[in-house]
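>>> Any chance you can model this:
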Amino acid sequence: MLQVANFTYAAGQVLYKHLMAREAIEGPQYRHFGYFFAGALLVALPAYLAFGNFSRLPDTPLQWGVLVFLGWVATALGMYAWNRGACLVSGATLAVMNNLHVPVGLVLNLLIWNHSEPLGRLALGAAVIAGSVWISRRASRAQDRREG
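Model prediction:
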């Protein structure tokens, strides 16, 4: 299931990048980005109404505040920034960066909650990702020289 989610996320990123490159939109991207969330609401709201458990909604203002923060700041602004950045890099670099969620989660786990993680494996994974970014950037530059 996680691999399907990763695939669909990556496919959406690549499709967004190609759509923005191919279609001329009027005005800045942020003015049109809300359509993604409206579309998600059209799927999520009926699913929640059909299968959700209303007794599990947050009880306190703090819980609602965390939920609003995660929805508006972490998700909405984060996804806008990520998609905006996706339009500025090559497809190969975007594919590598889409794999950063696991190492970033581990680093945050170390920094915020001070849980121990196998640092050797984390360093090895970081080296593989950094090497992949270097290779993709190098390939993009070589392609730009051939085309330009």
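>>> Model confidence at G131, what's the number?
Note on G131: pLDDT of 90.
>>> just checking, what packs against the particular helix or strand that has it in it?
Using DSSP states H and E, G131 sits within helix 119-147. Applying 3 or more CB pairs under 8 Å, 6 or more residues apart in numbering; DSSP states H and E, one finds that helix 119-147 makes contact with helix 91-97, helix 101-113. Yep, even glycine has a C-beta here, placed from its N, CA and C like the rest.
>>> Low-confidence ranges, this structure, go.
For the chain, applying pLDDT under 70 flags the ranges 147-148.
>>> please redo it, this time with the cut-off set to 90
Judged by pLDDT under 90, the chain has its weakly predicted residues at 1-40, 71-130, 132-148.
>>> which ones are touching the closest residue to W82 other than its chain neighbours?
Excluding the flanking residues, the one nearest W82 by CB to CB, 6 or more residues apart in numbering is Q13, at 7.7 Å. The neighbourhood of Q13, defined by CB atoms under 8 Å, 6 or more residues apart in numbering, consists of W82, N83, A86, L94, N98.
>>> now S116
Taking CB under 8 Å, 6+ apart, we find S116 in contact with L110.
>>> any idea how far it lies from P103?
Distance, S116 to P103, by CB to CB, to the nearest Å: 16 Å.
>>> one step back: convert the helix or strand harbouring the residue nearest to W82 to PDB, retaining C-alpha atoms only.
Using DSSP H and E, Q13 falls within helix 2-22. This file holds the C-alpha atoms of helix 2-22, laid out as PDB (Å, rounded to 0.1, in the frame of the first residue of the first chain):
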ATOM      1  CA  LEU A   2       2.800   2.400   0.800                       C
ATOM      2  CA  GLN A   3       4.500   1.700  -2.500                       C
ATOM      3  CA  VAL A   4       1.200   2.500  -4.300                       C
ATOM      4  CA  ALA A   5       1.000   5.800  -2.300                       C
ATOM      5  CA  ASN A   6       4.600   6.600  -3.200                       C
ATOM      6  CA  PHE A   7       4.000   5.900  -6.800                       C
ATOM      7  CA  THR A   8       0.900   8.000  -7.100                       C
ATOM      8  CA  TYR A   9       2.600  10.900  -5.200                       C
ATOM      9  CA  ALA A  10       5.600  10.800  -7.600                       C
ATOM     10  CA  ALA A  11       3.400  10.500 -10.600                       C
ATOM     11  CA  GLY A  12       1.400  13.500  -9.400                       C
ATOM     12  CA  GLN A  13       4.600  15.500  -9.000                       C
ATOM     13  CA  VAL A  14       5.800  14.700 -12.500                       C
ATOM     14  CA  LEU A  15       2.400  15.300 -14.100                       C
ATOM     15  CA  TYR A  16       2.200  18.700 -12.200                       C
ATOM     16  CA  LYS A  17       5.700  19.600 -13.500                       C
ATOM     17  CA  HIS A  18       4.800  18.700 -17.100                       C
ATOM     18  CA  LEU A  19       1.400  20.400 -16.900                       C
ATOM     19  CA  MET A  20       3.000  23.700 -15.600                       C
ATOM     20  CA  ALA A  21       5.600  23.500 -18.300                       C
ATOM     21  CA  ARG A  22       3.100  22.800 -21.100                       C
END
